[in-house]
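J.: structure, please.
(one chain, ligands or ions: 1)
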Amino acid sequence: MAVSFYVTTPIYYVNAAPHLGHAYTTIAADIIARHHRQRGEEVFFLTGTDEHGEPVADAAHAQGVEPQQLADRNSERFRALAPRLGASNDFFIRTTDPQHMAKVAEILTHVKDNGHVYLGTYEGWYCPKCADFKAENEVDDGARCPIHHIQLTREQEDNYFFALSSFQQALERLYEEQPEWVAPRSRYNEALSFIRSGLRDVPLTRHRLTWGVPVPWDEQHVFYVWFDALLNYVSALSYAREGEDLTGTFWPADCHLIAKDILRFHTIYWPALLLAAGLELPRRVFVHGYLLMEGEKMSKSLGNVLDPFAVIDRFGSDALRFYLMRDVSFGQDGSVSTAAFEQRYESELANEYGNLVARTVAMIGRYRGGTLSACELDTALAADFDGLPGRVCELIDRVELSLALDEIWQRVRRLNRYVEERAPWRLAKDPAAGPELDRVLATLAEGLRLISVLLHPYMPESTIKVLEVLGASEPSLAGESLRPGQIGRVGALEPLFPKGA
Ligand code: ME8
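T.: Numbers count the residues shown, from 1 in each chain. As a prediction, the model looks like this:
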């Protein structure tokens with residue numbers, strides 16, 4: 001039976017349209033999903049939209065529409081974004097799906113039956129834009145939200161509570177026994193120190209809201225949006241494929257990708273909730289950084305948004321995918337800008353990979369009519385290429401997506417240097433150098449095939465074009481598929497990354 005692999009993005013709020021920050025996580029998850037498919041694993045990649053709760057209800061109210069209408073409209077935009085990014089998600093979940101809502105009610109009733117829920121009164125700060133209850137030490141001076149900078153109100157509400165504090169020891173043990181469970185390490189430390197500072201119980205339901213999943217044992221309440229939302233990762237598996245329940249195959253998830261804004265929900269509430277429900281815990285939460293524009297986190301509510309659709313229209317999704325993984329070290333915050341994008345597009349995509357492809361294909365056509373001779377490869381590159389696929393797999397297993405891309409890119413550069421060192425155009429003029437020219441061209445083509453297979457998760461469209469031109473279109477990493485000698489007749493190709501796009 002094939003190894004299974006399950007990767008998720010957060011489900012995005014539908015209070016506004018998608019922006020580059022959402023595209024970023026979806027692209028990263030897609031790279032991971034495609035990479036694992038290349039390894040021959042059975043992959044499930046989930047994304048979708050989070051549609052209940054105050055952020056959506058308030059935005060709908062402000063626009064004079066019903067929450068469902070706003071949710072339908074914006075969910076569709078997120079659904080449409082995924083294929084535009086080249087994302088190969090296996091399902092798109094909406095928390096307004098009746099199957100999801102039924103599953104939430106079922107699991108949370110189970111949590112209550114297991115003795116982890118009680119009726120109490122919440123009194124404290126609440127940010128309606130974060131849909132988050134904030135402790136005294138989590139609000140800025142003047143009782144402002146540190147993320148949205150809005151003035152917070154003190155809430156007093158009778159709610160059912162989730163007994164989070166009773167999971168203090170279990171969570172400390174989890175962090176001790178599985179130090180890889182939250183990555184990068186700085187985020188692990190942040191979550192652990194939050195746990196060690198002492199967990200408080202949290203509201204499981206909201207009394208005053210109506211836009212949510214109704215609580216089966218008390219219809220005056222809906223479930224707090226975060227519990228509804230987190231459960232998407234489990235509920236989706238039960239109905240994503242008609243007539244099948246994929247839970248046994250894919251749960252627990254292998255990798256939840258999130259940004260640090262929602263760290264606490266995923267690294268503290270989520271494992272506690274799963275323990276309370278008697279479900280297995282996911283294997284890893286990977287927390288990437290923020291894409292910054294003008295030094296501040298891009299966010300719908302701040303309004304400083306760069307439109308991914310516009311970037312894709314002009315340069316294509318591969319260029320956007322590459323740029324985001326290359327310019328911002330995955331796991332850290334980083335600034336993005338049009339100028340930096342154009343610079344990378346020209347210097348790396350057009351001049352390095354694009355040019356390597358163009359000259360390799362052109363030389364095989366010009367000097368050998370598109371056919372490579374069977375010959376030994378040049379050993380000059382062996383030291384640089386041996387073990388590369390294993391190294392890339394190892395880095396992607398650690399969700400080091402930028403480091404893995406850099407490993408590959410060093411080989412793009414190595415191959416371009418190899419062309420200069422061997423100067424095939426000189427060899428072509430010397431009839432005695434025929435076998436040498438054959439070897440140089442075969443070595444180049446094999447190197448190009450290998451890096452194109454490894455680059456495939458990052459730039460699926462362009463690499464497939466390259467692999468097709470090499471007559472070896474299967475981008476597989478499994479078994480013997482990387483063995484040299486499988487290149488067919490080499491065809492012709494339009495420029496991959498035209499300048500002045
Ligand atoms: O938090 N840089 O939804 P959301 C990098 N519905 N990533 C960014 C980003 C930025 N500037 N802005 C957004 C929610 N993201 C909840 C999640 S999950 C059970 C519920 C990405 O629409 C990043 O992945 O606010 C971040 O965690 C997520 O979008 C927040 O999306």
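J.: tell me the residue of this protein that sits nearest the ligand?
T.: For the chain, the residue closest to the ligand is Gly21, as judged by Cβ to the nearest ligand atom, at 2.3 Å. No exception for glycine: its C-beta is placed from N, CA and C like everyone else's.
J.: next structured bit after the helix or strand where that residue lies?
T.: Under the criterion of DSSP states H and E, Gly21 resides in helix 20-38. Downstream of helix 20-38, the next assigned helix or strand under DSSP H and E is strand 42-50.
J.: next helix or strand past that following strand?
T.: Taking DSSP H and E, what comes next after strand 42-50 is helix 54-63.
J.: give the buried residues for that following helix.
T.: Residues 54-60 are the ones in helix 54-63 that count as buried (16 or more other Cβ atoms under 10 Å).
J.: and stretch 453-472, by the same measure?
T.: Quick answer for stretch 453-472 (16+ other Cβ under 10 Å): 453-460, 462-463, 465-467, 469-472.
J.: likewise stretch 479-494?
T.: 482, 487, 490, 493.
J.: now for the third one: which residues touch it?
T.: In other words, Val490. Applying Cβ atoms under 8 Å, 6 or more residues apart in numbering to Val490 gives the contacts 361, 364-365, 370-372, 445, 469-471.
J.: give me the three-state assignment for it.
T.: Look at Val490: counting by DSSP: H, G, I helix; E, B strand; the rest coil, its state is coil.
J.: pLDDT score assigned to it?
T.: In this model, Val490 is scored at 93, pLDDT.
J.: ok, now how distant is it from Ala472?
T.: According to Cβ to Cβ, to the nearest Å, Val490 stands 10 Å off from Ala472.
J.: same thing with the last one?
T.: According to Cβ to Cβ, Leu493 and Ala472 sit 14 Å apart.
J.: run through this protein and note the low-pLDDT ranges.
T.: By pLDDT under 70, the weakly predicted segments of the chain are 1, 294-306, 501.
J.: domain-wise, how is it divided?
T.: The record's domain split for the chain, according to automatic domain parsing, is 4-312, 338-469.
J.: next SSE downstream of the strand or helix carrying Leu192?
T.: Secondary structure assignment for Leu192, by DSSP H and E: helix 185-196. Heading C-terminal from helix 185-196, the first helix or strand you meet, by DSSP H and E, is strand 202-203.
J.: so which bits of this structure are right by the ligand?
T.: With Cβ under 6 Å from any ligand atom as the criterion, the chain meets the ligand at residues 10-13, 21-22, 24-25, 50, 229-230, 232, 258-259, 261-262, 290-291, 297-299.
J.: for the closest residue in space to Lys134 that isn't next to it in sequence, list each beta-bridge partner.
T.: Leaving aside its sequence neighbours, Lys134 sits nearest to Trp125 (Cβ to Cβ, 6 or more residues apart in numbering; 4.3 Å). On the basis of DSSP bridges, Trp125 is bridged to Lys134, Arg154.
J.: and the strands in the stretch 251-400 of the chain, which stretches?
T.: Counting by DSSP state E, counting those that start in this stretch, one finds strands in the stretch 251-400 of the chain at the ranges 255-259, 285-288, 291-293, 296-297, 334-335.
J.: could you check the angle the first one makes with strand 42-50?
T.: Just to be clear, that refers to strand 255-259. Angle between the axes of strand 255-259 and strand 42-50 is 30 degrees (criterion: axes from the mean of the first three to the mean of the last three Cα atoms, to 10 degrees).
J.: what angle sits between strand 255-259 and helix 20-38?
T.: Between strand 255-259 and helix 20-38, the angle comes out at 160 degrees (the same axes, to 10 degrees).
J.: what sits closest to Gly289 if chain neighbours are left out?
T.: Closest to Gly289 by Cβ to Cβ, 6+ apart is Asp333, at 3.8 Å.
J.: neighbours around the one you found, how many?
T.: Neighbour count of Asp333, defined by other Cβ atoms under 10 Å: 15.
J.: please apply the same query to Asn351.
T.: A count of neighbours around Asn351, defined by other Cβ under 10 Å, yields 14.
J.: that one and Pro484, how far apart?
T.: The gap separating Asn351 from Pro484 is 27 Å, by Cβ to Cβ.
J.: what of Glu421?
T.: In terms of Cβ to Cβ, Glu421 sits 20 Å off from Pro484.
J.: now do Leu246
T.: Taking Cβ to Cβ, one finds Leu246 at 37 Å from Pro484.
J.: what's the answer for Trp181, then?
T.: Counting by Cβ to Cβ - Trp181 and Pro484 are separated by 39 Å.
J.: one more: Arg426?
T.: As judged by Cβ to Cβ, Arg426 and Pro484 stand 25 Å apart.
J.: go on, Met363?
T.: From Met363 to Pro484 the distance is 18 Å (Cβ to Cβ).
J.: what is the burial count for Ala236?
T.: Ala236: 29 neighbours (other Cβ under 10 Å).
J.: list the contacts for it?
T.: Per Cβ under 8 Å, 6+ apart, neighbours of Ala236: 46, 48, 91, 93, 100.
J.: is Asn349 in contact with Ala319, as I believe?
T.: Actually, residue 349 is Leu rather than Asn. Yes: with contact defined as Cβ atoms under 8 Å, Leu349 reaches Ala319; the gap is 6.0 Å.
J.: quick one: residues contacting Ala23.
T.: Per Cβ under 8 Å, 6+ apart, neighbours of Ala23: 81, 85, 308, 320, 324.
J.: what sits closest to the fourth one if chain neighbours are left out?
T.: Counting by Cβ to Cβ, 6+ apart, the nearest residue to Leu320 once its immediate chain neighbours are dropped is Val311, at 5.1 Å.
J.: I figured the one you found was touching Tyr345, is that so?
T.: No: judged on Cβ under 8 Å, Val311 makes no contact with Tyr345 at a distance of 10.2 Å.
J.: who touches both of the two?
T.: Common contacts of Val311 and Tyr345 (Cβ under 8 Å, 6+ apart): Ala319.
J.: what count of nearby residues applies to the nearest residue to Tyr126 once chain neighbours are set aside?
T.: Distance criterion Cβ to Cβ, 6+ apart; nearest residue to Tyr126, sequence neighbours excluded, is Glu155 at 4.3 Å. Residues lying near Glu155 (other Cβ under 10 Å) number 16.
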